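Undergrad: With the sequence up front, the predicted model follows.
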Amino acid sequence: FSASWCPSCVRYEPIVASLAGKHAPGDSFLYVNVDKARELSQSMGVQYLPTTVIFEKGKEVERFVGPKSESELAALLDG
């Protein structure tokens with residue numbers, strides 16, 4: 001969950017995009033613009049940006065606020 005006006009989000013986006021390009025074709029990486037998807041953002045309880053939510057088999061398994069380094073995010077995704 002991100003927004004174009006959020007400086008941390010803008011810095012974080014290339015990190016997520018880089019990892020998305022390295023992961024298995026079946027893995028999905030979705031960018032949710034909170035300004036365009038207010039209802040979804042609210043239903044997911046997003047209060048701060050960027051918020052990353054990781055799902056496995058449709059179930060939320062990890063959530064954090066703020067950007068991570070590429071290695072930190074890769075470890076979370078692979079763990």
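TA: Yep, it's here.

Undergrad: what residues are up against the spatially most central residue of the chain?
TA: Computing the C-alpha centroid of the chain and ranking residues by C-alpha atoms, centre = their mean puts T52 first, at 3.4 Å. Residues near T52 by C-beta atoms under 8 Å, 6 or more residues apart in numbering: 1, 16, 62-65, 68, 73. Bear in mind the C-beta positions are built from the backbone N, C-alpha and C, glycine included.

Undergrad: rerun that using 7 Å as the cut-off
TA: F64 (C-beta atoms under 7 Å, 6 or more residues apart in numbering).

Undergrad: Assumed it was part of a strand.
TA: Yes. Judged by DSSP: H, G, I helix; E, B strand; the rest coil, T52 forms part of a strand.

Undergrad: quick one: it from L77, how far?
TA: Computed as C-beta to C-beta, to the nearest Å, the T52 to L77 distance reads 10 Å.

Undergrad: Buried by neighbour count: which residues of the helix or strand where L77 lies qualify?
TA: Secondary structure from DSSP states H and E places L77 in helix 70-78. Of all the residues in helix 70-78, those buried under the rule 16 or more other C-beta atoms under 10 Å are 73-74, 77.

Undergrad: how close does S28 sit to L77?
TA: Counting by C-beta to C-beta, the gap from S28 to L77 is 12 Å.

Undergrad: what do you get for V34?
TA: On the measure of C-beta to C-beta, V34 and L77 end up 22 Å apart.

Undergrad: just N33 next, same as before
TA: 21 Å.

Undergrad: ditto for E56
TA: 10 Å.

Undergrad: now do V65
TA: 17 Å.

Undergrad: Quick check: which helices or strands does the longest helix anywhere in the chain pack against?
TA: Looking across the chain with DSSP state H, the single longest helix is helix 7-22. Packing partners of helix 7-22 (3 or more C-beta pairs under 7 Å, 6 or more residues apart in numbering; DSSP states H and E): helix 70-78.

Undergrad: name the helices or strands packed onto the helix it packs on?
TA: By 3+ C-beta pairs under 7 Å, 6+ apart, helix 70-78 packs against helix 7-22.
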